[in-house]
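Trainee: Build me a model:
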Amino acid sequence: MSLSSQSHSQSQGNEKDRKMEVEEEEEKYAKARRQSRGGLLVVVAILVVCAGLASYLRHNKRKQSRPQAGGSPSLRQNDELGFTPPAKKKTKSIAKLQDQVVALDEVVRDIKSQVDIFETDKTAQKAAKQLQDATRELLVAMYGAREPYRVHVELEFQPTIPDFAEKGKDGHFVIELAPSRLVPHSVYTFLEIARQWNLNGGAFHRIAGHVLQVMVKTRKIKHLAFQEYSPEYPHKERTVGYAGRPSGPAWYVSIQDNSRNHGPGSQQKHNPYEADAAIGRVIEGYEESVLRITKVPGSGFLGDTKKHVIIKSMTIMVPDSNSNEDDEYVKWIEPKEIMSSG
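Mentor: As a prediction, the model looks like this:
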């Protein structure tokens, strides 16, 4: 073979080798690209799975912490929005409520001493309403929201009563107080009389044809700040009202219908609106004990203390919070934080 032929053949072989090398390089590059794309897809798939799992876990946790069906809609909404509702406003202590009532009571007394007709004076009525609202709040704090409140009155008849040998010295009756929505100032004052009865005491000392009146031996409990009266609670037979002008703390039991002679304008002509405050009614022991007082010898104010019918105790009773029955009552237990009146 000639030299030129050998040179041509060698040149063709070198070109073929370079072509094969190029093809091998292209194949390696293509393979690397396929492997890279596959790895990326795996990573993306893993990220998708992780995101889905995290979302599921968050949803499940929120569902478990959410109130059950029937729970507060506001709480469910707050949970979904991701914030905690503000804490409820703390209620005032009994001592603070008492201070508030005492302060408002003084305001009303001051206005009462200056106006001609309290019941038609706008400033007086506004002050009275503020006192009533504050007193209702205090009543709930002291005695509970369930009403009506009751007072159990224990009597002691003395040997001067003609039926003493037959019926003995003991008697009792129960007063159910008027709703606080009508006469809160009067109700609260009467409960204060009962609460402090062991410190003060008193007795039925007046026998009249229409009422039996009680004197209260106390200087701590003031008379009413104003003549609180509601036409929804008139002076029917068996009702309990405050005596005097200004009324209280002396009180009486009506033994006839006194709606007219103790109602608005009955005690004087100048003020046609003023009336005695009716604060409750006798629901137990009326015939047996209250009307028995009328058998004591004498009438009017009894000067002889041996004829007085002594009130041994006045016990406050409140609806039983553990019972759904309306007529289930328990003895009220005085909270330690209550301060004395006066």
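Trainee: Okay, buried residues for the helix or strand encompassing residue 172 please.
Mentor: Per DSSP states H and E: residue 172 is located in strand 170-177. Within strand 170-177, the residues that count as buried by 16 or more other CB atoms under 10 Å are 171-177. Heads up, the C-betas are built off the backbone N, CA and C, glycines and all.
Trainee: In JSON lines: the residues you listed, plus pLDDT.
Mentor: As requested, the buried residues of strand 170-177 are arranged in JSON lines below (pLDDT from 0 to 100):
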{"residue": "171", "pLDDT": "98"}
{"residue": "172", "pLDDT": "98"}
{"residue": "173", "pLDDT": "98"}
{"residue": "174", "pLDDT": "98"}
{"residue": "175", "pLDDT": "98"}
{"residue": "176", "pLDDT": "98"}
{"residue": "177", "pLDDT": "98"}
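Trainee: Tell me how far whichever helix or strand comes after the strand holding residue 172 lies from the chain's centre.
Mentor: Next helix or strand after strand 170-177 toward the C-terminus (DSSP H and E): helix 184-195. Per CA atoms, centre = their mean, to the nearest Å, the displacement of helix 184-195 from the mean C-alpha position of its chain is 18 Å.
Trainee: What residues of the very next helix or strand once past helix 184-195 count as buried?
Mentor: Once helix 184-195 ends, the next helix or strand along the chain (criterion: DSSP H and E) is helix 197-200. For helix 197-200, a neighbour-count test (16+ other CB under 10 Å) marks residue 197 as buried.
Trainee: which residues sit against helix 197-200?
Mentor: 193, 216-218, 220-221, 311, 313-314 (CB atoms under 8 Å, 6 or more residues apart in numbering).
Trainee: Show the buried residues in those.
Mentor: Buried subset of those (neighbour count, 16+ other CB under 10 Å): 193, 216, 218, 221, 311, 314.
Trainee: Quick check: residue 268 vs residue 119, distance?
Mentor: Per CB to CB, to the nearest Å, residue 268 is found 13 Å from residue 119.
Trainee: Which one's more surrounded, these two?
Mentor: The neighbour comparison of residue 268 against residue 119 (other CB atoms under 10 Å) goes to residue 119, with 17 against 9.
Trainee: tell me the contacts of that one?
Mentor: Contact partners of residue 119, counting by CB under 8 Å, 6+ apart, are 125, 227, 271, 273-274.
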